[in-house]
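Novice: I would like to see how this sequence folds:
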Amino acid sequence: MKFALVGTGQMGHAVAREAEAESHEVVARFHSDRPFLEASRSAVEDADVAVDFSLPDLAVPHLRRCCEWEIPLVMGTTGWYDALDEAQAVVQRHDASVLYAPNFSIGVAVLSRALDRATALMDKLDDYDAFVQELHHTKKADSPSGTAQMLAEQIVDGLDRKDHVEPETQHRRIDPSAVHVSSTRAGTAFGEHTVAFDSPFDRVALRHRAKNRRGFAAGVLRAAKWLRGRSGLFTLDDVLDDWLNA
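Specialist: Got it, this is the predicted structure:
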């Protein structure tokens, strides 16, 4: 496959290395000195798929451009999900192919499935209070991470006693209906997410700890291969569903 990389930060470089290790080719690279929105169609005419790890305020414009140019897009940028309805409309209008995820680690996808099962049980056990903790490196642009937000929203969906996510530091007693998300930015941590259920008697926890960026990059490549030949707005859950059904 031939890739166009939109955003050449740490994840962009990781995707490029993994792609080349798997004998794929990166045919175009876009960054702050070569903005994607200033490029011509000919700059990506050889690309089979575009991969975007850029900035939240550029995500939807980049998505729109890929849809207009009929380039399948794997979107790894987070922080733009309040515009999902707009993105869905653009994808439908152009019969385009877009797959987005806050985290492309297959392990995180498995963690998400395990959390669905756990909340179904914990919904009956009022003694257990749920929370999310996450740790990332100091260059991480958003806080909380898109993955932490996703996991917290899963808890809200799964527990009747929770109705919103609270990502801010609490200087008073927290609303018992909130799922608290705490974020730490330190060192060079690749990413660690913990979902826990705490009771007066014990604590049950699910945790994912990334060892390096290769796992995320490998997930991007798997998603890109899956996306080819499909039309619609997809998530990594759709990929996992397809694998499980197969």
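Novice: Closest to the centroid, which residue in the protein?
Specialist: P102 (1.1 Å; CA atoms, centre = their mean).
Novice: And the closest residue to W69 other than its chain neighbours, how far from E70?
Specialist: Leaving out its chain neighbours, the residue that sits closest to W69 by CB to CB, 6 or more residues apart in numbering is R41, at 5.6 Å. C-beta coordinates here come from the backbone N, C-alpha and C atoms, glycine included. Remark: distance between R41 and E70 (CB to CB, to the nearest Å) = 10 Å.
Novice: what's the one helix or strand in the chain whose mean pLDDT sits lowest in contact with?
Specialist: When each helix and strand of the chain is scored by mean pLDDT, DSSP states H and E, helix 236-245 comes last, with a mean of 85. With contact meaning CB atoms under 8 Å, 6 or more residues apart in numbering, helix 236-245 is reached by 99, 101, 103-104, 106, 109-110, 112-113, 219, 222-223, 226.
Novice: Can you tell me which of those residues are buried?
Specialist: 99, 101, 103-104, 106, 109, 112, 219, 222-223, 226 (16 or more other CB atoms under 10 Å).
Novice: From those, which land in helices?
Specialist: 106, 109, 112, 219, 222-223, 226 (DSSP state H).
Novice: now, which of those residues sits nearest A178?
Specialist: Checking these against A178 by CB to CB gives S112 as the nearest, at 20.4 Å.
Novice: List the contacts of that closest one.
Specialist: 150-151, 154, 237.
Novice: now for the host helix or strand of A152, which elements pack on it?
Specialist: Using DSSP states H and E, A152 sits within helix 146-158. Counting contacts by 3 or more CB pairs under 8 Å, 6 or more residues apart in numbering; DSSP states H and E, helix 146-158 is packed against helix 106-122, strand 129-136, strand 164-166, strand 178-185, strand 192-198.
Novice: Just the CA atoms of that helix, as CSV, please.
Specialist: Output of helix 146-158 as CSV, limited to C-alpha atoms (Å, rounded to 0.1, in the frame of the first residue of the first chain):
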residue,chain,number,x,y,z
GLY,A,146,-9.2,10.8,23.8
THR,A,147,-8.9,7.2,25.0
ALA,A,148,-9.6,8.2,28.6
GLN,A,149,-12.6,10.2,27.5
MET,A,150,-13.8,7.2,25.5
LEU,A,151,-13.5,4.8,28.4
ALA,A,152,-15.2,7.2,30.8
GLU,A,153,-18.1,7.7,28.4
GLN,A,154,-18.4,3.9,28.2
ILE,A,155,-18.8,3.8,31.9
VAL,A,156,-21.6,6.5,31.7
ASP,A,157,-23.3,4.4,29.1
GLY,A,158,-23.0,1.3,31.1
